[in-house]
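[1] how would this look folded up:
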Amino acid sequence: MDVGLGWGRYIMGSAIVIILVVLVGLAVLVGLFLVVQYNGLVKLRNRFRNAFAQIDVQLKRRYDLIPNLVETAKGFMKHERETLEAVITARNAAASASEGVSPENAEQMATLMSAEGGLGSALGRLFALSEAYPDLKSNQNMMQLSEELTSTENKVSFSRQAYNDSVTVYNTKTEVFPTNIIAGMFNFGSATLFEVSSEEERERVDVKF
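    Take a look at the predicted model:
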């Protein structure tokens, strides 16, 4: 009887050990899953943040070019003062909106997109009026500035597309199960797409001088 009792205790002890091993194994697997998913979210977040930084570089380059362009145009378009001032005002508003903006702050992004739309509209009006000034179009300085601005506009467009693609991947990851649980646990919020907010900007300004 003592042998039977001892055997029973042995079996019970072995069962407990097996259960503990299984539980530890499950805990390790869950821990590894959390680590992998967390690291994946960090990588995706860093990717769209870096993509947004590339947009910011190109936007600042454009903001730097516009005052020189307006100053050059001023010598030929003396009767278009209102339009020229509107471009500078819109440029300053966009530059201000871009300062310290976070792609994870929907309100800041909305302000930036609205300001960029206003700048696109103002530039569009300036370029349309420039058609009536052939001397301006043939000015060497203006031709160089327009070429640089065209290149910058293209880079802004490409950078924005890359950013929106990375944001879409990230946001999808934070919304699907079970990664959405991890995203909620570690405060991985949604990022905001950089969308066009005006028809003029949507069509991308065609710089021709």
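[2] pLDDT averaged over stretch 62-76 - what is it?
    Computed over stretch 62-76, the mean pLDDT rounds to 93.
[3] got a list of contacts for it?
    For stretch 62-76, the surrounding residues in contact (Cβ atoms under 8 Å, 6 or more residues apart in numbering) are 80, 84, 87-88, 91, 94-95, 98, 123, 126, 130, 133, 135-136, 139, 141-142, 145-146, 148-149, 152-153, 156. No exception for glycine: its C-beta is placed from N, CA and C like everyone else's.
[4] quick one: the helices in this structure, in order.
    Assigned by DSSP state H, the helices in the chain fall at 2-74, 81-98, 106-130, 134-137, 140-175, 179-185, 199-202.
[5] buried subset of the contacts of stretch 62-76, written for PyMOL?
    Buried residues within the contacts of stretch 62-76, by 16 or more other Cβ atoms under 10 Å, are selected in PyMOL with:
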select buried, resi 80+84+87+91+94+95+98+123+126+130+133+136+139+142+145+146+148+149+152+153+156
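[6] low-confidence stretches in the protein?
    1-10, 13, 197-209 (pLDDT under 70).
[7] which ones are touching the residue most central in space within the chain?
    Most central residue of the chain, judged by C-alpha distance to the mean C-alpha position with Cα atoms, centre = their mean, is residue 52 at 3.8 Å. Neighbour list for residue 52: 103, 163, 194 [criterion: Cβ under 8 Å, 6+ apart].
[8] also residue 33?
    Residue 33 neighbours (Cβ under 8 Å, 6+ apart): none.
[9] please renumber so the chain begins at 317
    Sure, I'll start numbering at 317, so the last one becomes residue 349.
[10] measure it to residue 377 for me?
    Distance, residue 349 to residue 377, using Cβ to Cβ, to the nearest Å: 43 Å.
[11] go on, residue 361?
    The value you get for residue 361 to residue 377, if Cβ to Cβ is used, is 25 Å.
[12] looking at the two, which has the bigger crowd around it?
    Neighbour count, other Cβ atoms under 10 Å: between residue 361 and residue 377, residue 361 has more, with 21 against 15.
[13] skipping adjacent residues, who's closest to that one in space?
    Distance criterion Cβ to Cβ, 6 or more residues apart in numbering; nearest residue to residue 361, sequence neighbours excluded, is residue 486 at 6.2 Å.
[14] now do the contacts for that neighbour.
    357, 360, 361, 363, 364, 507.
[15] and those residues as a markdown table, adding distance to residue 336?
    Converted to a markdown table, these look like this (distance: Cβ to Cβ, whole Å):
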| residue | distance to residue 336 |
| --- | --- |
| 357 | 31 |
| 360 | 36 |
| 361 | 37 |
| 363 | 41 |
| 364 | 43 |
| 507 | 42 |
